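**Student:** Following is a predicted model, sequence given first.
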Amino acid sequence: QVQLVESGGGLVQAGGSVRLSCAASGLTFRRYSMGWFRQDPGKEREFVAAISWSGGSTYYARSVKGRFTISRDNDKNTVYLQMNNLKPEDTAVYYCAAKVILTTNNDYEYWGQGTQVTVSS
């Protein structure tokens, strides 16, 4: 049974930083590309960042490029999202996802349950 468990969300002030973690189990982690998505109530889920199985390729949404960094530790079966200079519009539930093929589309195979990030102004 594949499980992706996000952690690290919470309440932060604008300009602050948060690091999200996503621990994977039940799959051969190093064979999967990993992505982060977010969704605010009433809005569609949107792509945030993705990383290849090796960590050698990364992609970012334009809205977060330069502020967010995705990384992974294949020995710990964990992917991270370092979020700096947070803005109120970054408020959302953040989801990690796994797919063999690296993509920015939301058709990932496995999804976590999400973690809330709230940025106050």
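**Tutor:** Cool, got the structure. Residues are numbered from 1 along each chain as shown.
**Student:** What count of nearby residues applies to the nearest residue to residue 13 once chain neighbours are set aside?
**Tutor:** Spatial nearest neighbour of residue 13, chain neighbours left out: residue 120 (5.5 Å); criterion: CB to CB, 6 or more residues apart in numbering. Placement of C-beta: from N, CA and C, glycine included. Residue 120 has 11 neighbouring residues, counting by other CB atoms under 10 Å.
**Student:** Next, the contact list for residue 120, please.
**Tutor:** Going by CB atoms under 8 Å, 6 or more residues apart in numbering, residue 120 touches 11, 12, 13, 14, 88.
**Student:** what residues are up against the second one?
**Tutor:** If a contact means CB under 8 Å, 6+ apart, then residue 12 has 18, 86, 117, 118, 119, 120 as its contacts.
**Student:** separation between the first one and residue 101?
**Tutor:** In this structure, residue 18 and residue 101 are separated by 28 Å, where distance is defined by CB to CB, to the nearest Å.
**Student:** Please name the bridge partners of the residue nearest the centre of the chain.
**Tutor:** Centroid-nearest residue in the chain, with CA atoms, centre = their mean: residue 36, separated by 2.6 Å. Counting by DSSP bridges, residue 36 is bridged to residue 49, residue 96.
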